[in-house]
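> Provide a 3D model corresponding to the input given below.
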Amino acid sequence: MIPKHELVELATQANLQTHVVEKDYVLGWLLAGIHQHTAFHKTWVFKGGTCLKKCYFETYRFSEDLDFTLLDSSHINKEFLLASFAEIAEWIYEQSGIEIPADRMLFDVYANHRGSNCCQGRVFYKGPATYSGKHSMPRIKLDLSADEIVVEDPVTTPVKHNYTDSPEGGISIRSYSYAEVFAEKTRALKERTRPRDLYDVINFYRRPESRELAGNVKFILTKKCEFKRITFPSLADLDLHKEACASGWEEQLEHQLLVLPPFDSYWIELPAFFSWLESLETALVSQLPAIPGQSEGETTTVLNDSGMPIFRTLDRMRFAAANRLCVEIDYRKENGQRSTYGIQPYSLRTTKEGFMILYGVVLPGGEIQSFRTDRIIGATVSRQSFVPRYSIEFIPEGPIRLSARQMTPTSNNPPTENR
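Residues are numbered from 1 along each chain as shown. Predicted coordinates:
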């Protein structure tokens, strides 16, 4: 088991409570235990918000529960689940030292509105930072359902678990495909209009790997809506629940993020999202031009997907770019002069000389400026949102990686280099 100070340090850097990061750590090992169990290896399909965080997107909100679609309905059985998870708990303890007491496991089987059995489980744990005794341990909730349609074949994906005790060979899990998670989240947004569903859907829409997926997502979503016997989602459906969604925005999301973006910065993108989904227009991100560079031969730079963001200076700016938030940077020029700039972060590029350059729009004037990253002393993510003028290349690409693009400076609005 990793030492407590590792979690405390990560939590401090990510501006989160230690118990949130500890749960992320335990979730990784629980997924490892589920995947190695012979009964679950191919029949349990991971989905939901935690799937996004652990399988697809690094710079993302932390999540707390595990959602699975079960391809074998006989697994919705209390006795079977208790016995199987006791075996999983024993394996996890042997591998990591995390305690998951078998006598504290709970599995409640119930019938949904269509009369099909589902299950809600709770497992309690004692990790590196858990102070509580056996009867007040933190818990992880599991939502299990066999009453779902899986349109695309499940995929085996690596689980992001960037802790020092990550097992050799890493952790993997069977999960929904990228497009199917997107479609499932959109269906959930229609049915529940929860803040976390809005956050997830808009983040999907903004990402570069979603640009060409509108038709695929729409096809999967149509199948899921037909199966659930609900109408295809529309903006009018969501408008009815805007006030309730806004009121829960801070309560549901603030503890899961480095900085919480304003609610309106997400809600305002719904009309464009639905136009994209209906293939009335291409994704916003693909309509915007790249921010002009300062020299020929620059290549777009994408930071390594480290799994658990340690929120170094560049990680913070990447988080801000993904969430359309401005950043205040502390910068030392070549002559030693130290200045503070408020910027909209757009791109990270590497020059032919090997320098890594951050491009942004400086506020309040709106001019494009470049900053050598080795001269950036620190960065603070603000709560001020922005509407992009250029494509945000800073967003790390998750399951699909694009090749580096050669960037050629344009004559319009050339950037100012901060020396």
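> where in this protein is pLDDT low?
58-60, 132-135, 280-287, 294-311, 395-415, 417-419 (pLDDT under 70).
> how far is the strand ranked longest in it from where the chain is centred?
With secondary structure taken from DSSP state E, the chain has its longest strand at strand 338-350. Centre-to-centre, strand 338-350 and its host chain are 23 Å apart (Cα atoms, centre = their mean, to the nearest Å).
> would you state the helices of the stretch 101-250 of the chain in chain order?
Secondary structure of the stretch 101-250 of the chain by DSSP state H, counting those that start in this stretch: the helices cover 178-192, 195-206, 214-228, 235-239, 242-253.
> ok, and what's touching the shortest one?
Contacting residues not belonging to helix 235-239 are listed as 189-190, 193, 231, 245, 270-271, 274 [Cβ atoms under 8 Å, 6 or more residues apart in numbering]. To be clear about C-beta, it is placed using only N, CA and C from the backbone, and glycine gets the same treatment.
> now do stretch 264-279
Against stretch 264-279 from outside (Cβ under 8 Å, 6+ apart): 186, 198-199, 201-202, 205-206, 214-215, 217-218, 221, 233-235, 238, 242, 245-246, 281-284, 324, 385.
> span of it from start to end?
24 Å (Cα to Cα, to the nearest Å).
> next, the buried residues of that stretch.
Within stretch 264-279, the residues scored as buried using 16 or more other Cβ atoms under 10 Å are 265-267, 269-270, 272-277.
> now swap in stretch 239-249 and tell me
245-246, 249.
> out of the residues you listed, which comes closest to Y331?
Using Cβ to Cβ, W249 is the member of those that lies nearest Y331, at 32.4 Å.
> right, and the closest one touches D197 too?
No: the criterion here is Cβ atoms under 8 Å, and W249 misses it with D197 at 11.6 Å.
> what is in contact with these two at once?
By Cβ under 8 Å, 6+ apart, no residue touches both W249 and D197.
> rewinding a little: and the longest strand of the chain, what does it pack onto?
strand 298-300, helix 313-322, strand 325-332, strand 356-363, strand 367-372, strand 376-385 (3 or more Cβ pairs under 8 Å, 6 or more residues apart in numbering; DSSP states H and E).
> adding distance to E393 and mean neighbour count, write these out as JSON lines.
Below are the helices and strands packed on strand 338-350 laid out as JSON lines (distance: least, Cβ to Cβ, whole Å; neighbours: other Cβ atoms under 10 Å):
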{"stretch": "strand 298-300", "distance to E393": "5", "mean neighbour count": "19"}
{"stretch": "helix 313-322", "distance to E393": "8", "mean neighbour count": "23"}
{"stretch": "strand 325-332", "distance to E393": "15", "mean neighbour count": "20"}
{"stretch": "strand 356-363", "distance to E393": "8", "mean neighbour count": "22"}
{"stretch": "strand 367-372", "distance to E393": "13", "mean neighbour count": "20"}
{"stretch": "strand 376-385", "distance to E393": "17", "mean neighbour count": "16"}
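> no more questions from me, cheers.
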